[in-house]
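> I would like to see how this sequence folds:
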Amino acid sequence: MAKDPLTEMLEFLQPNSRLDLKYVSLDYLLGLSGKEEGINTLLENEQTIQCIIELIEDKSNEISKNALAVLVNLTAQPKGASELLKYKPKIHKNIIELLIGYVLNPEKRYADIACMILTNITRSEEGLEVCLDTFIPQLNDLLNAYVNLEFNKNSNLHYLSPMFSNLSQSARIRKWLLEENPHVPLIKLLPFCNFEQSVIRRGGAIGTVRNLSFDTENHDYLLSSELDLLTYLLHPLMGDEDYDDEEMDKLPIALQYLPKEKKRDPDIDIRKMILETLVKFCTKREGREILRENGVYYILREYHKWEKDPQALLACENVVDILIQKEDEVGADDLSTVEVPDDMKEKFEKMDQDYLKAVE
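The predicted structure is shown next:
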């Protein structure tokens, strides 16, 4: 009876195997991992995956690259991401420790691919909770590598940004982002909300802020003048429009008199995340008042004239509808405490659907 091809290949996937045989074998597996059927086949062969993991730290950069690339494909699917967490490399306590060590080595040529795997693995809350204990002691080092654009001459580490966004799904990470001493980690992340060179970095930074906004108890600090978060959050929504003097005076200082070449962020997902965050900041009276005091209505008024995406327009109008009301019209200091009857929820959802159809 013929052996399974993957079983026959195992002897060529050993660290001490001939370089050309390792390369050809990994190249085959890389092609296999590019299709759903191939991924399922690989996931059924634990020995093969174990060999691939051990080759991440191969002496040959090309072997390391291909091993990482196979794992990127595997973890792109939720099942593959969760399965990979079950494996233990020979000299590391788990796969997360191995990948973090790879990323934190400034000599590694393909650290970007390792960052992609970490992003894939942390995408689901279930997978995230499994590996938090390994991540938390390394968070400061990872953040320092992320903010130092010269950390690795061969890898830009952009994908650490969506990884941090994924991590911030966890309450433990959100606490770390806001309370770690002596420096609040979020302060280091905020400038990347406006990082023009990479949409990946911008999206991850904005996604992290959005996740933080879900905890209303954080709003006072997030909207404090100390943090100046609104400046970073509103900047991507602004173009080269003019405001009259009274309106201009209300805007955060850094957003006044922007250059004529200023363009809005071209990425619709980033713009929608910002609007979702502003909606959250409208939950409590204090937040609504800060948004009004910082001229958020004026910025959204001009943004609404420019935006074409129906869902973004609806999200924008949801914020504006709250901000243009006086507080006695809003009817509650904390909107999260207001109970909406099921029949009214259905009515509001239908109104939203009708709106989206009308503007498409």
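> Residue 78 against residue 124, yeah?
Yes - the criterion here is CB atoms under 8 Å, and residue 78 meets it with residue 124 at 6.0 Å. Yep, even glycine has a C-beta here, placed from its N, CA and C like the rest.
> The residue nearest to residue 106 when sequence neighbours are not counted: what's it in contact with?
Once flanking residues are discounted, residue 106 sits nearest to residue 152: 4.8 Å by CB to CB, 6 or more residues apart in numbering. Taking CB atoms under 8 Å, 6 or more residues apart in numbering as the criterion, residue 152 is in contact with 106-108, 111, 145.
> cool, and residue 159?
The contact partners of residue 159, taken as CB under 8 Å, 6+ apart, are 112, 115-116, 118-119, 200, 204.
> try 6 Å this time
Residues counted as contacts of residue 159 (CB atoms under 6 Å, 6 or more residues apart in numbering) are 115-116, 119.
> For stretch 291-304, what does the pLDDT average out to?
What stretch 291-304 shows for mean pLDDT is 97.
> quick one, phi psi at residue 229?
Dihedral angles of residue 229 (phi, psi; degrees, to the nearest 10) stand at phi -60, psi -40.
> what's the burial count for the residue lying closest to it once chain neighbours are set aside?
Once flanking residues are discounted, residue 229 sits nearest to residue 222: 5.4 Å by CB to CB, 6+ apart. Residues within reach of residue 222, counting by other CB atoms under 10 Å, total 22.
> just residue 74 next, same as before
Using other CB under 10 Å, residue 74 is surrounded by 23 other residues.
> try residue 86
11.
> Please identify which of the contacts of residue 159 is nearest to residue 41.
residue 116 (21.7 Å; CB to CB).
> Not counting the host helix or strand of the closest one itself, show me its contacts.
Secondary structure assigned from DSSP states H and E places residue 116 in helix 111-121. With contact meaning CB under 6 Å, 6+ apart, helix 111-121 is reached by 68, 71-72, 75-76, 81, 99, 102-103, 127, 152, 155, 157, 159-160, 162-163.
> Would you check the distance separating whichever helix or strand comes after that helix from the middle of the chain?
Heading C-terminal from helix 111-121, the first helix or strand you meet, by DSSP H and E, is helix 125-135. In terms of CA atoms, centre = their mean, to the nearest Å, the centre of helix 125-135 is set 16 Å apart from its chain centre.
> got it, and stretch 133-148?
For stretch 133-148, the distance to the chain centre is 15 Å (CA atoms, centre = their mean).
> I'd like to know how many residues surround the spatially closest residue to residue 276 that is not a sequence neighbour.
Setting aside the residues directly before and after it, residue 276 is nearest to residue 210 in space (CB to CB, 6+ apart), at 5.8 Å. By other CB under 10 Å, 21 other residues sit near residue 210.
> give the contact list for residue 210.
Residue 210 touches 273, 276-277, counting by CB under 6 Å, 6+ apart.
> got a markdown table for the residues you listed, with neighbour count and pLDDT too?
A markdown table is the format used below for the contacts of residue 210 (neighbours: other CB atoms under 10 Å; pLDDT from 0 to 100):
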| residue | neighbour count | pLDDT |
| --- | --- | --- |
| 273 | 26 | 98 |
| 276 | 18 | 97 |
| 277 | 21 | 98 |
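> Work out for me the element the residue nearest to residue 276 sits within.
Short version, using DSSP H and E: residue 210 is in helix 199-213.
> and that helix with helix 111-121, angle?
Between the axes of helix 199-213 and helix 111-121, defined by axes from the mean of the first three to the mean of the last three CA atoms, to 10 degrees, the angle is 30 degrees.
> If you count neighbours, what's buried in the following helix or strand past helix 199-213?
Note on helix 199-213: by DSSP H and E, the next helix or strand toward the C-terminus is helix 219-222. Neighbour-count burial for helix 219-222 flags 219, 222 (criterion: 16 or more other CB atoms under 10 Å).
> Can you show me the CA trace of the host helix or strand of residue 143 as CSV?
In this assignment (DSSP H and E), residue 143 forms part of helix 139-147. C-alpha atoms of helix 139-147 as CSV (Å, rounded to 0.1, in the frame of the first residue of the first chain):
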residue,chain,number,x,y,z
LEU,A,139,3.6,43.8,25.1
ASN,A,140,6.0,46.6,26.0
ASP,A,141,8.7,45.1,23.8
LEU,A,142,6.3,44.5,20.9
LEU,A,143,5.0,48.1,21.2
ASN,A,144,8.5,49.5,21.2
ALA,A,145,9.4,47.5,18.1
TYR,A,146,6.2,48.7,16.5
VAL,A,147,6.8,52.4,17.1
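> for residue 226, phi and psi?
Backbone torsions for residue 226, taken as degrees, to the nearest 10, come to phi -60, psi -40.
> Ignore what I typed, I meant residue 326.
The phi/psi pair for residue 326 (degrees, to the nearest 10) is phi -80, psi 160.
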